[in-house]
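*Asks:* task: produce atomic coordinates for the following.
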Amino acid sequence: MIKSERTLVVIKHDAVMRGLIGEVIQRLERVGLKLVALEFLSATEDMGDKHYASSDENLKRFGNNTLGMCKEQGVDPKEKYGTEDPLEIGRMVKRWNVELITRGPVLAMIWEGPDAVNIVRKLAGPTNPQIAPPGTIRGDYSWDNFEVANDELRSVYNVLHASGNVKEAEMEIKLWFSENEIFPAYELYAHRAMRKMK
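*Replies:* The predicted model follows:
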């Protein structure tokens, strides 16, 4: 039996502006996940900074992803970004990500269910909308791509953030929500209500 888990989903400002909140929630509900917390807010700079982890390992991952795209597209990273150092480029990418998540209102949510992290990642599709298959949230609703975003020195508009793994989800949930803002699984309420009716 797969253990129930929680994951964080943040519908980003680009999707909020386009009226996609209902579409994203509907997709997540239809697979049987339970919405246990929800808040419409403007993320602060501090939240954005903490949300995108600043470890050298994480920043190098951002930078190496960007360097990989540069290689694929025949772009000279030194000419484009002023450096070839993955850590330095990672810091730039993090800054763009923070700018995007703090640009306007976002909808932060916690979804719960068996294997919730992987299910949400599968529904969301790859972070690069250009390769996200039809049927995924990003494949159906995101028009942007990394090539254009990198050209404009900004983060890609890809509709939502979804926690990458269980450990990341636990850290992100603590950042975005306090424990008293999270509802227990609905079945508990239904079970209590049925007992009271007897």
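
*Asks:* quick one: least confident helix or strand in the protein?
*Replies:* Ranked by mean pLDDT, DSSP states H and E, the weakest helix or strand in the chain is helix 186-197, scoring a mean of 53.

*Asks:* and the contacts of the host helix or strand of E57?
*Replies:* Under the criterion of DSSP states H and E, E57 resides in helix 56-73. The contact list for helix 56-73, computed with C-beta atoms under 8 Å, 6 or more residues apart in numbering, reads 52, 75-77, 80-81, 84-91, 93-94, 146-147, 150. In this view, the C-beta of every residue, glycine as well, is placed from N, C-alpha and C.

*Asks:* same thing with stretch 77-89?
*Replies:* 56, 59-60, 62-64, 66-67, 70, 92, 150.

*Asks:* want to throw those residues into JSON lines with distance to K167 and pLDDT?
*Replies:* JSON lines is the format used below for the contacts of stretch 77-89 (distance: C-beta to C-beta, whole Å; pLDDT from 0 to 100):
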{"residue": "D56", "distance to K167": "18", "pLDDT": "90"}
{"residue": "L59", "distance to K167": "18", "pLDDT": "92"}
{"residue": "K60", "distance to K167": "18", "pLDDT": "93"}
{"residue": "F62", "distance to K167": "18", "pLDDT": "88"}
{"residue": "G63", "distance to K167": "22", "pLDDT": "92"}
{"residue": "N64", "distance to K167": "21", "pLDDT": "93"}
{"residue": "T66", "distance to K167": "24", "pLDDT": "88"}
{"residue": "L67", "distance to K167": "26", "pLDDT": "91"}
{"residue": "C70", "distance to K167": "30", "pLDDT": "86"}
{"residue": "M92", "distance to K167": "25", "pLDDT": "94"}
{"residue": "N150", "distance to K167": "29", "pLDDT": "81"}
